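[1] Using only what follows, build the 3D model:
(2 chains)
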Amino acid sequence: MNRLMNRDRDAARSKLFTRRLALLAGGKMALFGVLVGRMYYLQVVEADKYRTMADDNRINLRLLAPPRGRIVDRYGKVIAENQLNYRVVVVAEQTGSVAATLDALSEIVPISDTERRRILREVSRKRRFLPVTVKDNLAWDDVSRIAVNSPDLPGVSIDVGSTRLYPFGDTTSHLIGYVAPPAESDLTGDPLLELPDFRIGRNGIERVYDLALRGRAGNTQIEVNALGRPIRELARNEGEPGHDIVLTLDAALQEFTAKRLAQEESAAAVVMDVSNGDVLTMVSHPSYDPHEFARGISGPAWRALLANSKAPLTNKAISGQYAPGSTYKMMVALAAMESGVSPDFRVNCPGHMELGDNKFHCWKRGGHGPLDMIEALSQSCDVYFYEMGRRLGPERMADMARRFGLGATLSIDLPGERAGIIPTRVWKQARTGKGWATGESLVASIGQGYVLTTPLQLATMTARLVNGGFAVSPHLTRDIVQERRLVERPQGNFPSIGVPQANLAVMLRGMRAVINDPRGTAFRQRIVDQNWTFGGKTGTSQVRRITEEERRVGLRKPDQVPWRERDHALFVGYAPLESPRYAVSVIVEHGGGGSAVAAPIAKEVLSEAMRLERERERTRPQSPARVAERSG
Amino acid sequence: MPVHSALGQSNKRLSLGEKLRQITWGLALTILAVSSIGFVMLYSAAGGDWDPWASRQISRFAMGFAIMIAVATVDIRFWMKAAYPFYALSVVLLVAVDLMGEVGMGAQRWLDLGFVQIQPAELAKISIVLVIARYFHGINHEQIGNPLYLVWPILLTLVPAFLIFKQPKLGTTLVVLTTTAIVFFMAGVRMWKFILVASAAAGAVPIAWSLLRDYQRQRVLTFLNPESDPLGAGYHIIQSKIALGSGGIWGKGLGGGTQSHLQFLPEKQTDFIFTMLSEEFGFVGGLVLIGLYTIIVLYGLAIALRARSQFGRLVAVGLLSGIYLNALINMAMVMGLVPVVGEPLPLVSYGGTSMLTLLFGFGILIGVYVHRDVAVPRRSDT
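    Next up is the predicted model:
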């Protein structure tokens, strides 16, 4: 009975168990079904999305900085290039102990305590598999010694980077400029700019042609793990190296000129091809070392450059504005001829000119006596030009000066060019609110007072004077950037400046006499032992007004005057005399007289230009070579 | 041939040969297949090397497989007798691990006995099933209807569950509680009682929340919105989903899992091994493994169905459900369906003690089948 009841109970329990088991089995299968559905969703429906995410995870796109284009002179001489920079790096992970490795390494290359602290600090900050630079710019000897000792230097390796090298150093720094790490404001979103080693052009040609020099970045796809450690390279695109820039510069003449100007305190000079405006030389002294900027200039060095009263950071050839002094007299003479004054017209110079209550002195105390235009130019008589200035008024002088490139920028391919000032009545009214006084015409006629010009403008003026009156404009490169591409500079015909050839001929005769007439202001600089000679015009521009007191007592000797108050010495010239090719302008700040200080420099520079020309004709009869392959 | 009585139960002792013939070799083969998938994945996880995981896993499996067969021949009446001592042992070990266990991964889970490290929580999963099954075997249908009779088995469950929770091992606690709930359910406890407990549990959520460790709370929170912290707490879930998804239908091939091999996946040889499988063998690979688990589940349910004794049935269902829940939670976890609770994938994840205890449990399960017709007395002493 009990057994039977138990049996019934067991049967009931068994039935319940079976029913519930079915329920349980269903539930279990349903949950597995949910998993399968989820898998289907992730792996089939959304697979593409996750595949992309997985690739994003593992693939690290790195930019490859393109090698920056070189800058070469007109004969292919390298002025800026990239130099391999060997640096020794240490990977903490691969060393037993970083300190011990540095000890071993310091027996090969000295490591100072400060360097050592910096390295250890960087090691502790970076991830252990990233290299830390121990020393930069290693000499090849050190590189090879480290390589030989590498078994004893675990974790030490040589890394090759690139730094900008300027073989001519401070000789070309004002033209070429320099490269430096981009500042916050330079970042345009181009990821190239954010590369740790990337440098952008900061000044000069490096800045103006920066985009062409930069090239196009390549990239490499690197597979990395979750910690960012590179595993292998998947793909590589080398990009496009930067374009080379060919300058019109003649590096040899530049170097010569820079050396010559270095004898002066502060000076600038420009040499230009009169037929096409090629700038062959442009020197501003003193200068600076561009490498300091590429490496990252130190604070004290930077402040010293800024504080230097000779303004080494300024390119005086385009940014320095000086009263042209007597070099301006050709403009006045041409304006006079244009308004009907005959070159044969004579003006008597008693040593001064009186205008109202004022007395305007000639530089020659006793006066020149009666002079025609050519004599007035060659002897640089001030009274003759006072008379012309009085007759012309400022507008007609200014009109002529403008046609020769003064008073406005010449759009040379360099940053920082200044316009100078060619004063007129309108200009003065706007500037000072006062009317023009006749006396100011007299002052302007000898290139003083408000008149300001740059050495580049003076060279351009000279080129236009001697090339038959064509408005050449100066430039530094063979190519120009057009629609983001580098194309050859169009060799167009330059417009005429509209001055009759006869008038220009008078100027050439006057400038010839400055050097070659015994009464000329720079007769002592004449060339007698060559089959060529040169012409030009001296200029001495007053920095401060000479007082009546000083005139009575007698002028002080230059070395008694403080440097800052001494006159600027100027000279513009051309060579050879018969068929001019070179125009030159020289300014020596506070150098004294143009004939004594600036003219000799111009003569030496022109002589060197002629010598180089003959030398090149001997060794290389063909025309100046271009760097043939651009893209290569 | 054994002759069964009219009641279908027999007290006859089986010979060893008969027992071995009765072993469900199909189930053993499926276990081998699942474990082999694990060996391959461990080989791949080591970057195509049998060291350090696959070779050890294989030797542990070989040992465990032998134990499984040996355990299958043990009469289930022995387990009936041993249920309480075994249960007591696991509770003692749980207390021991609480007092002196090694702390790893923010939790005390291991007890080093010198020659072997054991995870008392794994043992407890089996012993709780045995002791609860034994209890329900001993009471009748009417008694089950009486709530007072449920107090003891609930206590038997909560004591080890609390100790496991305290380790803290949230995943295992949930597995243990759910497993015993299934045993209660299969024993015939009324539906409405489950509903009552479930509602009470829902009410207790705020209290439980206050007991959770910070990192556990964080896991729950980031589970709800993993993208909120992609580089921090949500990182594992996101990377795991990326790995799974990028595997596509056919996968990236053995050893080709970029997510796994480039170390975007955490603990790829243990908790996230299913992710790696799915990345390298795709949807198809994952489907095969789930299919094999399904076969194991069906075998287990069939064994429960064939067992004549209530003890055998409940042991079979309980042990099977524990394994099933482990697999379910692990896979759901790596797919981003449930929080990352740190449960290994049965038979596949690397881990010696887990492998041994699993195969020990399978041994008992197969033993239930071998001894399906054995008459189990209400009390072990009669």
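[2] Would you mind naming what in the stretch 301-450 of chain A lies close to chain B?
    Contact residues, the stretch 301-450 of chain A versus chain B (CB under 8 Å from any CB of the partner chain): none. The C-beta positions use only the backbone N, C-alpha and C, and glycine is treated the same way.
[3] any chance you could map the helices in the stretch 301-450 of chain A?
    Applying DSSP state H, counting those that start in this stretch to the stretch 301-450 of chain A gives helices spanning A:316-319, A:329-338, A:373-378, A:382-403, A:425-432, A:438-445.
[4] Dump the ones you listed to a markdown table, plus mean neighbour count.
    Supplementary listing: the helices of the stretch 301-450 of chain A in a markdown table, determined by neighbours: other CB atoms under 10 Å in any protein chain shown:
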| stretch | mean neighbour count |
| --- | --- |
| helix A:316-319 | 26 |
| helix A:329-338 | 25 |
| helix A:373-378 | 26 |
| helix A:382-403 | 23 |
| helix A:425-432 | 13 |
| helix A:438-445 | 22 |
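[5] which residues of the stretch 201-350 of chain B score low on pLDDT?
    Scanning the stretch 201-350 of chain B for pLDDT under 70 picks out B:219, B:222-234.
[6] In three-state terms, label the spatially most central residue of chain B for me.
    In chain B, the C-alpha nearest the mean C-alpha coordinate belongs to residue B:323, at 3.2 Å (CA atoms, centre = their mean). Three-state call for residue B:323 (DSSP: H, G, I helix; E, B strand; the rest coil): helix.
[7] how about the nearest residue to residue 157, chain neighbours excluded?
    As the question left the chain open, I've gone with chain A. Excluding its sequence neighbours, the residue lying closest to residue A:157 (CB to CB, 6 or more residues apart in numbering or on different chains) is residue A:89, at 5.8 Å.
[8] that's the wrong chain, I wanted chain B
    Closest residue to residue B:157 apart from its sequence neighbours, by CB to CB, 6+ apart: residue B:180 at 4.5 Å.
[9] in what helix or strand does that neighbour lie?
    Using DSSP states H and E, residue B:180 falls within helix B:170-187.
[10] Please identify which of the helices of the stretch 301-450 of chain A is closest to residue B:36.
    helix A:316-319 (81.8 Å; CB to CB).
[11] tell me what the closest one is packed against?
    Using 3 or more CB pairs under 8 Å, 6 or more residues apart in numbering or on different chains; DSSP states H and E, the elements in contact with helix A:316-319 are strand A:267-273, strand A:279-285, helix A:455-466.
[12] How is chain A partitioned into domains?
    A:62-246, A:318-480+A:504-619 (automatic domain parsing).
[13] quick one: the closest residue to chain B within the stretch 301-450 of chain A from residue A:286, how far?
    Nearest to chain B in the stretch 301-450 of chain A, going by CB to the nearest CB, is residue A:302, at a distance of 40.4 Å. Distance of residue A:302 to residue A:286, given as CB to CB, to the nearest Å: 15 Å.
[14] Same check on residue A:70?
    Distance from residue A:70 to residue A:286, by CB to CB: 26 Å.
[15] Settle it for me: which of residue A:302 and residue A:286 has more neighbours?
    residue A:286 (19 against 14; other CB atoms under 10 Å in any protein chain shown).
[16] State which one residue of the stretch 101-250 of chain B is found closest to chain A.
    For the stretch 101-250 of chain B, CB to the nearest CB, closest residue to chain A: residue B:245, 2.5 Å.
[17] Quick check: that residue touching residue A:49?
    Yes. Residue B:245 lies in contact with residue A:49 (CB atoms under 8 Å); the separation is 6.7 Å.
[18] So between these two, which is more surrounded?
    Using other CB under 10 Å, the more surrounded residue of residue B:245 and residue A:49 is residue B:245, with 27 against 13.
[19] tell me the SS of the closest residue to that one other than its chain neighbours?
    Using CB to CB, 6+ apart and skipping the chain neighbours, the partner closest in space to residue B:245 is residue A:50 (2.5 Å). Of the three states, residue A:50 takes helix under three-state DSSP.
[20] got the contact list for residue A:50?
    A:42, B:241, B:242, B:243, B:244, B:245, B:246 (CB atoms under 8 Å, 6 or more residues apart in numbering or on different chains).
[21] Quick one, which of these are buried?
    Among those, those classed as buried by 16 or more other CB atoms under 10 Å in any protein chain shown are A:42, B:241, B:242, B:243, B:244, B:245, B:246.
[22] Just those residues: which are in helices?
    B:241, B:242, B:243, B:244, B:245, B:246 (DSSP state H).
[23] what about the closest residue to the second one other than its chain neighbours, which helix or strand?
    Translated: residue B:242. Once flanking residues are discounted, residue B:242 sits nearest to residue A:53: 4.7 Å by CB to CB, 6+ apart. Here residue A:53, judged by DSSP H and E, is contained in helix A:47-58.
[24] longest strand of chain A?
    strand A:78-91 (DSSP state E).
[25] circling back to that earlier point, can you name the residues that contact the residue nearest to residue B:157?
    Neighbours of residue B:180 in contact, by CB under 8 Å, 6+ apart: B:128, B:129, B:132, B:153, B:157, B:161, B:318.
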